[in-house]
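Chemist: following is a predicted model, sequence given first.
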Amino acid sequence: MDRKKVTIDGNEAAAYVAYNTNEVIAIYPITPSSNMGEWCDAWAAVNKKNIWGMVPSVSELQSEGGASGSVHGALQTGALTTTFTASQGLLLMIPNMFKIAGELTSTVFHVSARSIAAAALSIFGDHSDVMATRSTGFALLSSNSVQEVMDFALIAQAATLEARIPFIHFFDGFRTSHEVMKIEQLTKEDMMTMLDEDLIIAHRNRGLTPDRPVMRGTAQNPDVYFQGRETVNPFYNACPAIVQKQMDKFAKLTGRQYNLFDYVGAPDAEKVIIMMGSGCEAAEETVDYLISKGEKVGLLKVRLYRPFSLEHFIKALPKTTKSIAVLDRTKEPGSGGEPLYLDVVNAISEKYMAGELQFAFPKIVGGRYGLSSKEFTPAMVNSVFDNLSKDKPKAHFTVGIIEDVTHTSLDFDQTFSVESEETFRGKFYGLGADGTVGANKNSIKIIGEGTDYFAQGYFVYDSKKSGSTTVSHLRFGPKEIKSTYLINKARFIACHQQVFLEQWDMLKDASEGATFLLNTKVDKEHVWDSLPEKVQKDLMSKKMKFWIIDAYKVGEETGMGVRINTIMQTCFFAISNIFPQEKAIGMIKDSIKKTYGAKGDKIVQMNFDAVDKTVANLFEVTVPNKITSNKQMQPPVSGNAPDFVKEVTARIIAGEGDLLPVSKMPVDGTFPLTTTRWEKRNIALEVPVWDMETCIQCNKCVMVCPHATIRAKIYDEKDLAGAPATFKSTKFKSKDYGEGLYYSLQVAVEDCTGCGLCVDVCPAKNKKETKLKAINMAEQIPIREQERANWDFFFNIPDLDRKVVAVSKVKDSQFLEPLFEFSGACSGCGETPYVKLVSQLFGDRTIIANATGCSSIYGGNLPTTPWASNKDGRGPAWSNSLFEDNAEFGYGFRLAIDNHNLQAKDLLKRFASEVGNDLVDAIINANQKDEAEIYEQRERVAALKNKLNDILKTGANGKTSDLKHLLSLADYLVKKSVWIMGGDGWAYDIGYGGLDHVIASGKNVNILVLDTEVYSNTGGQCSKSTPRAAVAKFAAAGKPGAKKDLGLMAMSYGNVYVAKVAMGANDQHTLRAFLEAEAYDGPSLIIAYSHCIAHGINMGTAMQNQKAAVDSGHWPLFRYHPDLEKEGKNPFKLDSKGLKIPLKDYAYMETRYKMLTKSHPAEAAALIKEAQEDVVKKWHQYERLAAYEPEKQ
Amino acid sequence: MDITTTYLGLKLKSPIVCSAGPLSEKISNIREMEDAGAGAVVLYSIFEEQIEHDELELDFRTSDHTESYAEATSYLPTPFEFKLGPDEYLNHIRKAKEAVNIPIIASLNGKSIGGWTDYAKKMEQAGADALELNIYLLPTDFKKSGSDIEKIYLDIVKAVKSTVKIPIAVKMHPFFSSTSFMASELSKAGADGLVMFNRFYQPDIDLEKLEVVPNVILSTPMAMRLPLRWIAMMYGRINADLAATSGIYSAEDVLKMVMAGAKVTQMLSALLKFGIGHIADVTTNLKAWMEEKEYQSIDQMRGSMSYMNVDDPASFERANYMKVLQSYK
């Protein structure tokens, strides 16, 4: 049969089979598996049918725990059911997995395997999650490539129905889930043939039904539970043979033969590697190479890891085997070895003891590799074989890192390469915003589907959400591609942003005679001189061909703007000679039609124009034989940075993190604060410039700046001594802080992301030119040097004394130093202004529990972190536990702090005579209601500690132990503010149970919900906060239900301070709510409207969206203060001023709503009408609350 | 009493036509217009910018921020099919046609030659009985002469005319150097009718915000004097039907326009102000007046007060201006 070739990634391959062969699909987002659920939701939204002609029910749950519960329920009711997950999500499914397996229920969970959060979270791939499920009773089937993902998804589905054992079908997160490959697509007939109708009916008939009632899930006692557990043995014994049978059936159908253990390599191999996952591909490639060099090596790929068939395993090994290295992509601290290693040792030992081993007991060593998608290359495979060649091979080794603490790592030769010369290899450096990855995915499709070539694309992103760099790795050629690692010998390198040349040594990976394509504004005659010296040297010494294009010029002329994807793609095809130019252009245009056709003729035409204009603007530059530049690569951080930043952080920034040895890493995941300050990213093309004549000194710009790059200070004239000539300063207009003060507004232009929010909110207008405000955007490069000096000067001007700042006014509050600065959040982020505000108001006494999500990523993703300490060394202490437990985590903080405080007070009283009653009383009875009182308490505690230290020196009269404890606890006598932060995915969905419990506890915690109304970090999936009528992933046909009213639910307790705020609508209201929440001695909940890129809006004017959200009534501002009720007042204040505009006037400012009018117009019309009704109903409900008069009750 | 008329080759039961505007966004309003006695409905305009902006906006917003970050390679679901602006409009045409028996005239508003003119064809296929082309081009380019601008108008009309078989009317503005010449040229370029006149909405300044703001003011009865003059001038002298628009509020206004030479009179401001039912009142008054004055039909009076047919044609020309000024003294 001639099957269709498709160019897709692993996630799509799995989703394709899962969707087609299931009836119920329960989903929940988690990287890197989210895309599988997204595909299914998108297909269901257009009523795509499965192989039985039905549209599967696709439902999102509130957590993976919930998804697995629903899967369990649907399975127990006889439906073919599946789910997708990874990492922590899989861990949350474990309880149900025991049940599902215990009840012998057929299902396949598709897992894009990912690291588990330990000392740090990682979204990347390894087998830690899958290995944690070994005892559940699920079968574990591993696929190693995109083709295998599609094939094994079906084999697993067929096998589970016959074996009655549930399956995890897993593949490596990112390396396989996100790798784009040309593969053969299975047909509906293939799927129908593989799935036995009788087995499906048998599965259905086992389902619970009142028509044939049985019960399942009893409780059992010591007398029979054990026996019950042993009943399943025959099923597990039979399972491997069933899987092999299905593999054989599949082979007959498709020609692709798989086995439970697939051996590749020399038939007489003496050294064998045993492993599973995508690393097998690189290992196989290396084995082939080494065999060609005469070596006797082999590789055993483990397909079915559970149930582990000793018989099949032993039979698969060559009888010549003398030494074995077992590679595990996981770590089990404290174990005698990693799981696969132990299984292999066990298998060989058992067979040896049974006398069934047909060769001498081999040397067996185990090693770890590839954690968190760490590269696994042929060089590493080679070093593993080299280790086996030793008399005493290193056991329990690591490979791929420098492990210099316990010295487990194997050395490997970085230059060792097995890549075929027939395979084209290209690397493309782009900006996230310029569309480079999209273009390359497209190129892979064009090549994959337009030729007989094999094709592979893999994409690497940095961890910033703004100004991120992407590197695309493209391979294609006549030979099958098994290189599951990044390209380091490229025949083509493209640099889509010239600024990268000073940051990345990209030509180090160019092979001799390679082509280099540069997007530059510099013309052909002058471009050579504009290159850094190292680039010139590489171009010359490697005899490279050099081409340039001014893609931005072509972009501007054709209306493409900064999205230069089509232009750079055309350049690639024009000079790489994969196809004749004319043919290539025809194929690009066909692809444009396919990609953009649905979006309208104008887009297609613009792209066509871009293609046509590109060739005319593409020039080859003759590489001169002379170095003319002394421009050097930029150091990643300044020389003034602390040692840790220079030795560790800077190397990660420079892309050398892989080379950091273990000894440089903190042992317990503890990192210093204040590191973003050293990473000058210079990502903004334009930055705000202050016009002090027009400025009214309102500090609104400072308040909204998401990146804390625009700051205000007031200071004495003397502080201006030594100011740079261009430093701007003007008289402070207010006398609130004394006479004769000066005011400066300063921008950190190297940290600014250029979002423009500050300019948009500026209320002042230039009287001569109304288009100008008190801050205006200007090109960054011409002012970079001067503003760097100005920033340094400004930074050292003393901050206003916190004790005197009138924090309750927006303007004054913004003189407080932010202790959250320069985060990697999206340009114009709607969350970070709130986070920053917390850091300004309470940062020096705050401890933060941060739910996993955007805020934990821009808050805590290496290399640099934005949380900072002040000049006294105080600042927010921050931690991220999990996604689901954040409220409980922060609650734990409170319990511990309260306990420390009580203990300290108790101990303090025991030292009343030594330190003085007055001091003890003052400390114990301190109010600590404002900054001045907290300052005084700090002074008292400092005095106390001095006295205690003196006593310690002179002898504590038998109370030394108490004294030491008091010293260690004394700081807890100063008020600590606990903040629990996270997004709506956490607060409304996965963490709601915990949040509800914590607010019910009455404890003094402050909960900040950064409500973007979707799961932003994983790409905009629907949460219960998503409003009706908006589209989101997992709600591609529009959210049909109303947004959950979390505030109202919290208010029902009566003792919770609740506020709903939107800074863009009323910044003073926001400030007041934050101050009230923190001051309230009980639980507080602030729900903060956070605009987001997932709304499909202009982020530079997003505060207007906030205002419209409030004006429409979608986001009514209110505060509920339990203390008011004690005063006989209504605790609820509705702070919005009525429904000023129709909902659609707000909603259709945003693509998330508007899109539905384009994809599902009729549904959109109905939903927006209902959503308007929601708003009115809710408003009336709030009005009734606001009208309550306690005195009259 | 025969108040039927023909316009663009269409037989209308009344010379009162609803002008392009927001009222026709709702099918229920269109039904009400028919019930109140409207001869035809010109649907709200679909704009060239809207068609293209919608496409660009959607493309930009759905592709912005994509493929930049490992955890989220996109932020919005990507539907497999979009119904872009024109599709919505086309559906609206279909629904309007199903809802009423009176002719539905689609309105296309643009300012340049481009792919958007293809939508005329789609409007025809969707069932529009005719097309009103609203060329809304502010001549702000210092390098373009009057004749350059006129050429753009004529080219657009030719381009649209070449794609459709249904009649087209051009809604023209009164600011050409030679209104007569342009009217004639537009007719030669293919316009089956001329709608006089388009109003360019003039912006205002918000003194509080120091912003230029749109400020739509409904036309007043005074506004009808300008089209009145030019319809009277054009009647019988060019090969196109004439439609009057701007400031038509009452039966008297309709009568005056028809007498000047209009085949139809288009109403919008009056309907926004008094409601759609106003059409019925005007119709009643129109018939009453005709009965009182013993007119048999609209056709009978059409053009009776036009330049061609009045005893003092100069009163429509400059001399009239002199007289007005002198009378003011």
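Modeler: On my side now, so go ahead. Residues are numbered from 1 along each chain as shown, chains lettered A, B, ... in the order given.
Chemist: residue 315: neighbour count?
Modeler: Just going to use chain A. 14 (other Cβ atoms under 10 Å in any protein chain shown). Where you see a C-beta, it was placed from the backbone N, CA and C, and this is true even at glycine.
Chemist: actually, chain B is the one I wanted.
Modeler: With neighbours defined by other Cβ under 10 Å, the count for residue B:315 comes to 13.
Chemist: hang on, it in a strand?
Modeler: No - when the secondary structure is assigned by DSSP: H, G, I helix; E, B strand; the rest coil, residue B:315 falls in helix instead of a strand.
Chemist: skipping adjacent residues, who's closest to residue B:103 in space?
Modeler: Leaving aside its sequence neighbours, residue B:103 sits nearest to residue B:129 (Cβ to Cβ, 6 or more residues apart in numbering or on different chains; 3.8 Å).
Chemist: wait, that neighbour touches residue B:104, no?
Modeler: Yes - with contact defined as Cβ atoms under 8 Å, residue B:129 and residue B:104 form a contacting pair (5.6 Å).
Chemist: coming back round to it: let me see the contact set for the residue nearest to residue B:103.
Modeler: When the contact criterion is Cβ atoms under 8 Å, 6 or more residues apart in numbering or on different chains, the partners of residue B:129 are B:10, B:40, B:103-105, B:166.
Chemist: out of those residues, who's nearest residue A:98?
Modeler: residue B:104 (65.3 Å; Cβ to Cβ).
Chemist: does chain A sit close to stretch B:70-80?
Modeler: Yes - using Cβ under 8 Å from any Cβ of the partner chain as the criterion, contacts between stretch B:70-80 and chain A involve B:70-80.
Chemist: which of these count as buried?
Modeler: B:70-79 (16 or more other Cβ atoms under 10 Å in any protein chain shown).
Chemist: what's the most distant pair in the residues of stretch B:70-80 next to chain A?
Modeler: With distances taken as Cβ to Cβ, the most widely separated pair in the residues of stretch B:70-80 next to chain A is B:70 and B:80, at 24.9 Å.
Chemist: which bits of the stretch 101-250 of chain A sit near chain B?
Modeler: A:123-124, A:174, A:178.
Chemist: if we can go back for a sec, which one of the buried ones among the residues of stretch B:70-80 next to chain A is nearest residue A:47?
Modeler: The shortest gap between residue A:47 and any of these belongs to residue B:79, at 12.5 Å (Cβ to Cβ).
Chemist: ok, the residue of chain B most remote from its centre - contacts?
Modeler: Using Cα atoms, centre = their mean, the residue of chain B lying farthest from its centre is residue B:70. It sits 51.3 Å away. Under the criterion of Cβ under 8 Å, 6+ apart, the contact list for residue B:70 reads A:31-32, A:123-124, A:174, A:178, A:461, A:463.
Chemist: how about a cut-off of 7 Å?
Modeler: When contacts are counted by Cβ atoms under 7 Å, 6 or more residues apart in numbering or on different chains, residue B:70 touches A:123, A:461.
Chemist: buried stuff in stretch B:144-156?
Modeler: Along stretch B:144-156, these residues count as buried under the neighbour rule (16+ other Cβ under 10 Å): B:149-150, B:152-154, B:156.
Chemist: could you measure from the residue of the stretch 151-300 of chain B found nearest chain A over to residue A:711?
Modeler: For the stretch 151-300 of chain B, the residue positioned closest to chain A under Cβ to the nearest Cβ is residue B:210, at a distance of 4.5 Å. According to Cβ to Cβ, to the nearest Å, residue B:210 and residue A:711 sit 27 Å apart.
Chemist: likewise residue A:553?
Modeler: The spacing between residue A:553 and residue A:711, counted by Cβ to Cβ, is 36 Å.
Chemist: you'd agree residue A:923 is in a helix?
Modeler: Yes - applying three-state DSSP, one finds residue A:923 inside a helix.
Chemist: next, the residue nearest to it when sequence neighbours are not counted: secondary structure please.
Modeler: In this structure, residue A:923 finds its nearest non-sequential neighbour in residue A:940, 5.1 Å apart by Cβ to Cβ, 6+ apart. Counting by three-state DSSP, the backbone at residue A:940 sits in helix.
Chemist: residue A:940 touches residue A:920, doesn't it?
Modeler: No - using Cβ atoms under 7 Å, residue A:940 is not in contact with residue A:920; the gap is 9.5 Å.
Chemist: who touches residue 254 in this structure?
Modeler: As the question left the chain open, I've gone with chain A. Shown here is residue A:254, whose contacts under the criterion Cβ under 7 Å, 6+ apart are residue A:190.
Chemist: if you could check chain B rather than the one you did, that'd help
Modeler: With contact taken as Cβ under 7 Å, 6+ apart, residue B:254 is in contact with B:15-16, B:248, B:265, B:282, B:286.
Chemist: returning to what we had before: who has more neighbours, residue B:210 and residue A:711?
Modeler: When residue B:210 and residue A:711 are compared on other Cβ under 10 Å, the one with more neighbours turns out to be residue A:711, at 23 against 13.
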